[in-house]
Every structure is written in C-alpha cells, then in structure tokens.
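**Q** here you go, sequence then predicted model.
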Amino acid sequence: MSFENKIRQAYDSVHAPDTLTERLREELQRDLRQDADAVGGIVTEAPKRDIVRTLLHGGAFVAATVILCGGFGFALWSMRDKTVVFHPGSNVSAPADEQVVMPEMAGLSRQTAQQTLEALGLAVEFSGDGSTVARSEPPAGARVTKGSTVRLVME
C-alpha cells in the first residue's frame, strides 16, 4: 500500500474504532521515520492547530497593534507645539495668546509686509523711507507673541 493511500485511509477511518485508528497512526509514523532515515532527516509530529489558540493569538495581535498605534498617536499629539508658522501672503490669522514664528520679510514691499504681519496679529512699525524691507526686528525665525510690535527697516 502506498504512503498516500495510507494517509487517505487514515483520514477515511475517522469513525473507525480507536484501536484501528491508533494502529494506522503508528504505521504512518513508522513509514515516515523510515523515509526520513533514508534521506537523513528528522520527523517530528506536526503541532495541531487549535482554533481557540489561533483566535487568542490573533486577538492579542490586534490588541497590540491598536495599543501601539494609539500610543504613537498620543505621543504625536502630546509633542505638538503651540507655535504657529505663517508665511507671507497667507490670509490666515493666528489664534489669540499664542506665539508665531517671525516670517522672512526681507525683499517684500511695504504693503505686503504690513498685510502679512497684521494677518499674524502683530503691530508694524517702519523705519526708513525705502519701499522694500531690508530686515526685521526681531529677525526671521524668532518667536513673537501675538500683539507685539515688529520693526521693519526699509531700504
């Protein structure tokens, strides 16, 4: 009897008496060991798949994934900075009682610079008679509290 027929017979004999099933299992194991010895391998019995254990492992994986993703989201949320960056030409105004990052003003016209800083909630003071901003005080990149006065040096 071929090996495949023995396996088929073992599966077909599910309703057979326990002694017959046990005898077939022993024959299959003996044949497997002989085949493995012929090629120098080791035969071990494959673990049975338990549906409850599989579901528990899957549930644990899903729970761990949710916890990790939630933790990462909380970490990002907790590290957020209340500093708001605005760029020249934007029409967005800064929230009250917050700091804004001073944008680069050099090279802008008087009107564009004034509109930009007023949109950020900053007061503007000009120094010089030129039509183009040379530099700002405080400089670009500095944090400025909303409502502060910014001095623009014109050239």
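**A** Structure received. Numbering: from 1, shown residues only.
**Q** neighbours of the closest residue to residue 132 other than its chain neighbours, how many?
**A** For residue 132, ignoring the flanking residues on the chain, the nearest one in space by Cβ to Cβ, 6 or more residues apart in numbering is residue 155 at 5.7 Å. All C-beta atoms are positioned from the backbone trio N, CA, C, and that covers glycine. For residue 155, the neighbour count with other Cβ atoms under 10 Å is 12.
**Q** pretty sure residue 155 sits against residue 126.
**A** No - with contact defined as Cβ atoms under 8 Å, residue 155 does not reach residue 126; the gap is 11.3 Å.
**Q** tell me where this protein has helices.
**A** Per DSSP state H, the chain carries helices over the ranges 3-12, 18-39, 51-78, 110-119.
**Q** now mean neighbour count, mean pLDDT and distance to residue 151 too, for the ones you listed, in CSV please.
**A** Below are the helices of the chain laid out as CSV (neighbours: other Cβ atoms under 10 Å; pLDDT from 0 to 100; distance: least, Cβ to Cβ, whole Å):
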stretch, mean neighbour count, mean pLDDT, distance to residue 151
helix 3-12, 12, 71, 89
helix 18-39, 12, 68, 87
helix 51-78, 10, 74, 36
helix 110-119, 18, 91, 10
